[in-house]
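Colleague: Here is my input; please provide its structure:
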Amino acid sequence: ESKTAATVVLMLSSPEEEVLAKACDALYKFASKGDENKVTLLGLGAVEHLYKLISHEDPVVRRNAIMVFGIMASNPDVKKLLRELDVTNSLISQLAPEEDVVIHEFATLCLAHMAVEYTTKERIFEQGGLEPLLRLLGSPDPDVKKNSLECIYLLVQDFQSRAAVRALNIIPPLLELLKSEYPLIQLLTLKTLEVISKDRETGIILGENKGLDCLLKILENNEFSDLHVEALAVLGNCLEYVHTLQLIQKTRVLRKLLSFVGFSTVPDIQKNAAKAIAKAAYDSENRKILHDEEVEKCLIKLLEVDNDGVKVAASQAISAMCENLASKHAVGLQGIPQLVQLLSSDNEEVKEAAVTALANLTAASPSNASAVAEAAGIEPLVNTLSAQRDGAIANAAAVLTSLAMQEPFRVNIQSCGVMRALAEPLRSTNSQVQSKAAFAVAAFGCDADARTELRNAGGLGPLVELLNSKNEEVRRNACWAVMVCASDELTAVELCTLGALNILEEINLSTGRKNNFSEAALEKLLDNNLPQKYSQTGYLSSSNIITDGFYDCGQIKPGVKFLSLEELSTQELTDRRATIFINAKPQEKTHSRIIDHFAQSQAALQSLETFSNKIMCLLKCEMRIPVGSWVLMLFVLITQKGKKEEEKSKEVIQITSEVQDGINLENSHWLPPPDFILLDYIKNASKTILRLTTTREQIVALAQFVADKMGGPIERDKLHNFSWELHISEIEFELKCNVVPIGKVKKGTFYHRALLFKVIADRIGIGCSLVRGKYDRAWNEVKLVDDSPQGIARLLLPPQEYIVDLMFEPGFLLKQGSAEADQYKYI
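Modeller: So this is what the prediction gives:
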């Protein structure tokens, strides 16, 4: 009858069973009134006293004590103390069949409250709590069922408990609980089934016990609409297993399920159904079954639902189904236009899911790629390259790459600025984005305009950085992209400037990092940057055609920066080896225009021949003066003629001004001055050599031509008296520059002659290689078929390789590997 909680707590120490029973009953009523009262009892030490009483001999005392425990265990602080006291074993012992149903109710309630903690779950499992809990699922009391089921639901979150309940044959009692009149019990049952059916064996057992029929009945009953989401989640797990899915198909459950999803207007149901299909579609056999049931139609319909979650789930399911070729074709007919529309969604997750589906649909499918283009998908795909989610960016690059396999689409995509858009993804820190972006660059880099766009957008720098990636796929695709982009000289030179050449050389030295593309990329870079190739490797093949702008600066040492011709031309005159450059192309058409004009203005000049010589002197000798500057100097020369020619000079000024304006626009980057002597060499060689009938005759004639222009034949024992070094020094001094046009060289040694031979041979179509040796040696290698056999026999003979003598007996062909050839190269 006491109204003070502290007094009642003291009564828990009474030896009288009646007092104990009444005290526990009073504390139960007190604790039931609110959480504050539970905390009060905790502070008064009631829990410790009650712990002793839950094992009391008197059933009434024991029952009332457990009731207090059950009601107080919802409080976190009480729960903590109960764990410390390790009450689970005592509570499990109260679950015996002979115990009072009230004890069962509150003991299971207490266990359910405590089972939310992992450590308590582990104790309940270890102390054998699962079996009595499972048995109580058949209790006549709904509260006992509910509490036991809730405790089991919490326990089976752990894999070992899931295996244990399967061994204890949990499926039949759970299916029985689905028939309960209490919605809460049905809901907890479905949640428990959802967890345990994630295990394949349990899912199969569920199907064998006709559990799928029970689930479908719930879905078909509108009165159970609040259970549809959970029931669908269980079915979704079952769809993952081929055995179960086959059973579902045979019993027509799958068709009913898809029909139900198609007619449902509840987003959660639609979303869960799509997720279930996606999970099932990861198995190839399942994909075939789902395709047979025309699941694609259901998924395409879900794309139209005005709910972002449903759209995401449906897109993901389509992605999974695309592993089946028939499904890929089925979705492509109707689903691609809808997926393209989703690319413009404001929801980034929707955009990512849609573009991922498109990536899977278009992979190795030209027809689906065409469908994307026809659905006006190119522009949104390019825009998606700047999306916020990495998955969207990577898959957009993948789709665009698939479309690029068809030239009309590639051209269309390029017109949308795809290379400019790819520059930023190349800078991503996500390896998947890096890989797909590099792959896309490789796909589009075959077009010269696309390479220019990437270069102007600053995309080459990050592409080169990807060569250093530790990710094998990223590194391989970056090598591939570099190989493709190195197809023109400008891009190849910039890639080399950015360090691509050095990185590729390091990669190819590593057996673990190199790949086929890294070797091909290195070769392609050098093939389109012949000055650097010859400087580093000392070799140019017959397919390496020397063009205007080539220069030979000698063998470069490892680790030394390779300088451009412009950089070399601006260096002060030194005693270092002269750089020989090739440029047989006149720099500007305006040169002849100026000369022609002054030829018509005889009164303005004392002598046209003298004036022309001054112009040529400026062009040939002062290489560091830009074209625009020498035109202005020309103007000064004219105006110095005095006032007598003032009127004629005004006309000259007008023409000069027009030319200067043109030069300012056209000559924005540095160009080497033209070598008119070399141009004459090429013209003369073409006239005299090409008329010869055999390649052997042409090679001999060209060798004699080159030797004649470079100082003629030299006697071997007088080679040391051939003062070519002094001659080159005089040219350098005359030009005040270390860079010398090859046409100026009149006394050339081995490497001068071999270079000139290669230059002219390339221009007139004679195949030859250029090889650098030691001690200023260099030589040309040519391949010829022996002339002695005739007819078909001659065609079957392999070509023989020869060294062309350009020094001692010009035109003599030394067979490769012979003593004479070795002597020419090394002695």
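
Colleague: Leu339 against Ile300, yeah?
Modeller: No. Leu339 lies out of contact with Ile300 (C-beta atoms under 8 Å); the separation is 9.3 Å. (Glycine included, C-beta is placed from N, CA and C.)

Colleague: Quickly list what's touching both of those two.
Modeller: By C-beta atoms under 8 Å, 6 or more residues apart in numbering, Leu339 and Ile300 have these common neighbours: Ile318.

Colleague: So between the two, which is more surrounded?
Modeller: Shown here are Leu339 and Ile300; by other C-beta atoms under 10 Å, Leu339 has more neighbours (28 against 20).

Colleague: Could you find the closest non-adjacent residue to the more buried one?
Modeller: Spatial nearest neighbour of Leu339, chain neighbours left out: Ala354 (4.7 Å); criterion: C-beta to C-beta, 6 or more residues apart in numbering.

Colleague: try Phe106
Modeller: Closest to Phe106 by C-beta to C-beta, 6+ apart is Gly70, at 3.2 Å.

Colleague: What strand or helix carries that neighbour?
Modeller: Assigned by DSSP states H and E, Gly70 belongs to helix 59-72.

Colleague: so Val782 is in which element?
Modeller: strand 778-784.

Colleague: got the buried residues for that strand?
Modeller: 778-782, 784 (16 or more other C-beta atoms under 10 Å).

Colleague: between these, which is nearest Ala6?
Modeller: Ala778 (108.6 Å; C-beta to C-beta).

Colleague: now stretch 505-521: how far from the chain's centre is it?
Modeller: Computed by C-alpha atoms, centre = their mean, to the nearest Å, the chain-centroid distance of stretch 505-521 equals 19 Å.

Colleague: Report the beta-bridge partner residues of Leu813.
Modeller: Partner residues in beta bridges with Leu813, using DSSP bridges, are Val804.

Colleague: how many other residues sit next to it?
Modeller: 20.

Colleague: was I right about it contacting Leu806?
Modeller: No. With contact defined as C-beta under 8 Å, Leu813 and Leu806 do not form a contacting pair (11.2 Å).

Colleague: what's next to stretch 175-189, contact-wise?
Modeller: The contact list for stretch 175-189 (C-beta under 8 Å, 6+ apart) reads 137-138, 142, 145-146, 149-150, 153, 174, 190, 209-211, 214, 218, 224, 226-227, 230.

Colleague: Which among those count as buried?
Modeller: If we count by 16+ other C-beta under 10 Å, the contacts of stretch 175-189 have these buried: 137, 145-146, 149-150, 153, 174, 190, 211, 214, 218, 224, 227, 230.

Colleague: In strands only, show me those.
Modeller: Using DSSP state E, no member of the buried ones among the contacts of stretch 175-189 sits in strands.

Colleague: Just put those residues in JSON lines and tack on distance to Leu130 and pLDDT.
Modeller: Shown next, in JSON lines, are these (distance: C-beta to C-beta, whole Å; pLDDT from 0 to 100):
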{"residue": "Leu137", "distance to Leu130": "11", "pLDDT": "96"}
{"residue": "Lys145", "distance to Leu130": "16", "pLDDT": "97"}
{"residue": "Lys146", "distance to Leu130": "17", "pLDDT": "97"}
{"residue": "Leu149", "distance to Leu130": "12", "pLDDT": "97"}
{"residue": "Glu150", "distance to Leu130": "14", "pLDDT": "97"}
{"residue": "Tyr153", "distance to Leu130": "12", "pLDDT": "97"}
{"residue": "Leu174", "distance to Leu130": "14", "pLDDT": "96"}
{"residue": "Leu190", "distance to Leu130": "20", "pLDDT": "96"}
{"residue": "Gly211", "distance to Leu130": "20", "pLDDT": "88"}
{"residue": "Cys214", "distance to Leu130": "23", "pLDDT": "90"}
{"residue": "Ile218", "distance to Leu130": "26", "pLDDT": "90"}
{"residue": "Phe224", "distance to Leu130": "28", "pLDDT": "90"}
{"residue": "Leu227", "distance to Leu130": "25", "pLDDT": "92"}
{"residue": "Glu230", "distance to Leu130": "22", "pLDDT": "91"}
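
Colleague: Distance to Ile742 for these - can I get that in TSV?
Modeller: Putting the buried ones among the contacts of stretch 175-189 into TSV (distance: C-beta to C-beta, whole Å) gives the following:
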residue	distance to Ile742
Leu137	97
Lys145	100
Lys146	98
Leu149	94
Glu150	93
Tyr153	88
Leu174	92
Leu190	88
Gly211	89
Cys214	92
Ile218	90
Phe224	92
Leu227	90
Glu230	85
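
Colleague: just to revisit the earlier point, how far off centre is the strand holding Val782?
Modeller: 44 Å.

Colleague: Just checking: what are the partner strands of that strand?
Modeller: By DSSP bridges, strand 778-784 pairs with strand 769-772 (antiparallel), strand 800-804 (antiparallel).

Colleague: per-residue confidence averaged over that strand?
Modeller: Per-residue pLDDT values over strand 778-784 give a mean of 96.

Colleague: neighbouring contacts of it?
Modeller: Contacts of strand 778-784 (C-beta under 8 Å, 6+ apart): 542, 695-696, 699, 750-751, 754-755, 757-758, 761, 766-773, 799-804, 806, 813, 816, 824-825.

Colleague: mind running it again at 6 Å?
Modeller: 696, 699, 750-751, 754, 757, 768-769, 771-772, 799-804, 825 (C-beta atoms under 6 Å, 6 or more residues apart in numbering).

Colleague: hang on, the earlier thing: put together a markdown table for the buried residues of strand 778-784, with distance to Gly262 on each row.
Modeller: Shown next, in a markdown table, are the buried residues of strand 778-784 (distance: C-beta to C-beta, whole Å):
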| residue | distance to Gly262 |
| --- | --- |
| Ala778 | 78 |
| Trp779 | 79 |
| Asn780 | 77 |
| Glu781 | 74 |
| Val782 | 76 |
| Leu784 | 77 |
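
Colleague: which one among these gets closest to Phe581?
Modeller: Using C-beta to C-beta, the buried residues of strand 778-784 come closest to Phe581 at Ala778, 15.8 Å.

Colleague: Which residue or residues pair with the closest one through a beta bridge?
Modeller: Arg772.

Colleague: I'd like to know how far it sits from Arg753.
Modeller: Distance of Ala778 to Arg753, given as C-beta to C-beta, to the nearest Å: 8 Å.

Colleague: before we move on, the earlier item: what angle do the very next helix or strand once past the helix holding Gly70 and helix 59-72 make?
Modeller: Moving toward the C-terminus from helix 59-72, the next helix or strand (DSSP H and E) is helix 76-85. Between helix 76-85 and helix 59-72, the angle comes out at 130 degrees (axes from the mean of the first three to the mean of the last three C-alpha atoms, to 10 degrees).

Colleague: Give the buried residues for helix 76-85.
Modeller: For helix 76-85, using 16+ other C-beta under 10 Å, the buried residues are 78-79, 81-82.

Colleague: Which pair in the residues you listed has the greatest spatial separation?
Modeller: Across these, no pair lies farther apart than Lys79 and Leu81, at 7.4 Å, counting by C-beta to C-beta.

Colleague: re the thing from before, and which of the buried residues of strand 778-784 is nearest to Val312?
Modeller: Using C-beta to C-beta, Glu781 comes nearest to Val312 of the buried residues of strand 778-784, at 64.0 Å.

Colleague: From Val156, how far out is that closest one?
Modeller: Here Glu781 is placed at a distance of 78 Å from Val156 (C-beta to C-beta).

Colleague: now do Glu126
Modeller: 15 Å.
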